[in-house]
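K.L.:
After the sequence you'll find the predicted model.
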Amino acid sequence: MEFSKKLSDNMDGLRSILQPDKNFDVVYRTIQVGGREACFYFIDGFTKDEVLLRLIQGFESLKPEDMPENAHDFSKQYLPYGEVNLIADSQAMVTQLLMGVTCLFIDGYDTCLAVDCRTYPARSVSEPDKDKVLRGSRDGFVETLIFNTALIRRRIRDPKLTMEITSAGESSHTDIAICYMEGRVDEQLLSMIKARIRNTHVDALTMNQESLAECIYPHKWYNPFPKFRFSERPDTAAASILEGNIVILVDTSPSAMILPSSVFDIIEEADDYYFPPVTGTYLRLSRMVISLLSLLVTPIWLLLLQNPQYIPSWLEFIQLSDPSYVPIIWQLLILELAIDGLRLAAVNTPNMLTTPLSVIAGIVLGEYSVKSGWFNSETMLYMAFVTIANYSQSSFELGYALKFMRVIILILTAVFNVWGFGAGILLSFCAVVFNRTIAGKSYIYPLIPFSWNEVRKRFFRGRLPHTSKTSR
């Protein structure tokens, strides 16, 4: 619906749509502008009060002879603010209003003057709890989109850095920023991502980035290995953009979605680059080895217990020292579930009680479950290692993917012994090898297809690409 030049008609139409009598936070204010009736519409809590006050004070000095013939000229002459748009459609105007934009109607103009003086409640830009580093920047993304784009723009002061804004969700109209570097990004992938976001038909992105990820890449949902890399660090997002990747920021989400991402991209962390090459290489290789051990330690131990003839003499200490009252496979599966239960309990426990309750839970469940005969001490030891090893890398998705594969290998090993162990390893291998990034490329490139130069970069941290010789 297009607007009328009569202010009363516009206000009647918006009254039926916005229902300000029911919605206490939808505020409208009628004023006089140059001898004409005018009305401000804004959402309480989304508008900078000082900017709105300055605008109203400036309008008080206008006289009828000062008023231009159209809204375009009025915005140029009497709206001394940086972001002003003209909107002629009521649906677009309502969407902008609900996003926090202040809308001004003046009698005699058939166009809405949208003044973007919005502000959103936001927390401080602090270091994220999950993506911590030993050395480096201590800022992190927040739930406000414009703050997140500013954190990236601060690190990349290049006009080729492009940040396109779009939205998704028929009810939520959630803002989405697509960030990339012109000349470095895969244009075909970029076009595909834009088309998929544009063709996304959902009511709302209730779970922000996860909802968007499932919309733009609905294939192979049964494969638990993550297709995207998520990071709450602006330096990681900026480095990915400079490498030619695409970063997607979703309003109300404090993390960036980086794509395309292979398994090696997901394993990488910022600490690999904040330390010298030797230290960075050690941290990276340690993380890879520990992640692999978290997958294989308990299945290999179960396999050896079922086949003691395979245990060499120097490894005889891994056998059970006490009789087992509960089958080992059930001990391992119960602990897999119990660990997730403790993790969920820790998430929902108040901060002041997290440490004491964790200590109590560790002592009670660890000490007395062994004494009661439910678990053997060796089982508790190996599951404790697996639990700690899962936190050696920052991706929750990759940690749970390894967990699911580990449980499958354990069950197959318990049922089919050696053949089951081999089948579980083969299944896990196929889940990684036949997985594909969103660009359709190999998930484990540069191993398949093999590229020695890229393998060296992935496994061994060399000098940073921007490092140059010091001028004399």
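P.N.:
Happy to help now that I have it.

K.L.:
Poorly predicted segments of the protein, please.
P.N.:
352-359, 361-364, 368, 464-472 (pLDDT under 70).

K.L.:
For residue 230, which residues are in contact?
P.N.:
209, 255-258, 395, 397 (C-beta atoms under 8 Å, 6 or more residues apart in numbering). All C-beta spots, glycine's among them, are computed from the backbone N, C-alpha and C.

K.L.:
at 6 Å what do you get?
P.N.:
Residues in contact with residue 230, defined by C-beta atoms under 6 Å, 6 or more residues apart in numbering, are 255, 257.

K.L.:
where does it land in three-state SS?
P.N.:
State at residue 230, reduced to three classes by DSSP: H, G, I helix; E, B strand; the rest coil: strand.

K.L.:
could you check the distance from it over to residue 453?
P.N.:
Computed as C-beta to C-beta, to the nearest Å, the residue 230 to residue 453 distance reads 28 Å.

K.L.:
ok, the nearest residue to residue 70 once chain neighbours are set aside - how many residues close by?
P.N.:
For residue 70, ignoring the flanking residues on the chain, the nearest one in space by C-beta to C-beta, 6 or more residues apart in numbering is residue 109 at 6.8 Å. Look at residue 109: counted by other C-beta atoms under 10 Å, it has 25 neighbours.

K.L.:
How about the one 5 residues further on?
P.N.:
Residues within reach of residue 114, counting by other C-beta under 10 Å, total 21.

K.L.:
What distance do you get for it to residue 95?
P.N.:
Between residue 114 and residue 95 the distance is 10 Å, computed by C-beta to C-beta.

K.L.:
For the stretch 251-400 of the chain, which segments count as strands?
P.N.:
Taking DSSP state E, counting those that start in this stretch as the criterion, the stretch 251-400 of the chain contains strands spanning 256-259.

K.L.:
what bridges to the residue nearest to residue 165 when sequence neighbours are not counted?
P.N.:
Using C-beta to C-beta, 6+ apart and skipping the chain neighbours, the partner closest in space to residue 165 is residue 177 (5.6 Å). Following DSSP bridges, residue 177 is listed with bridge partners residue 165, residue 249.

K.L.:
quick one: residue 177 and residue 249 touch, right?
P.N.:
Yes. Under the criterion of C-beta atoms under 6 Å, residue 177 lies in contact with residue 249, with a separation of 4.2 Å.

K.L.:
Now the common contact residues for those two.
P.N.:
Contact criterion C-beta under 6 Å, 6+ apart; residues bridging residue 177 and residue 249 by contacting each: residue 145.

K.L.:
Of the two, give the one with the bigger neighbour count.
P.N.:
For residue 177 against residue 249, the residue with the higher neighbour count under other C-beta under 10 Å is residue 249, and the figures read 27 against 19.

K.L.:
Please report how far that one lies from residue 230.
P.N.:
Counting by C-beta to C-beta, the gap between residue 249 and residue 230 amounts to 11 Å.

K.L.:
same question, residue 216
P.N.:
For residue 216, the distance to residue 230 equals 14 Å [C-beta to C-beta].

K.L.:
Likewise for residue 341?
P.N.:
With distances taken as C-beta to C-beta, residue 341 is found 24 Å from residue 230.

K.L.:
And for residue 343?
P.N.:
For residue 343, the distance to residue 230 equals 18 Å [C-beta to C-beta].
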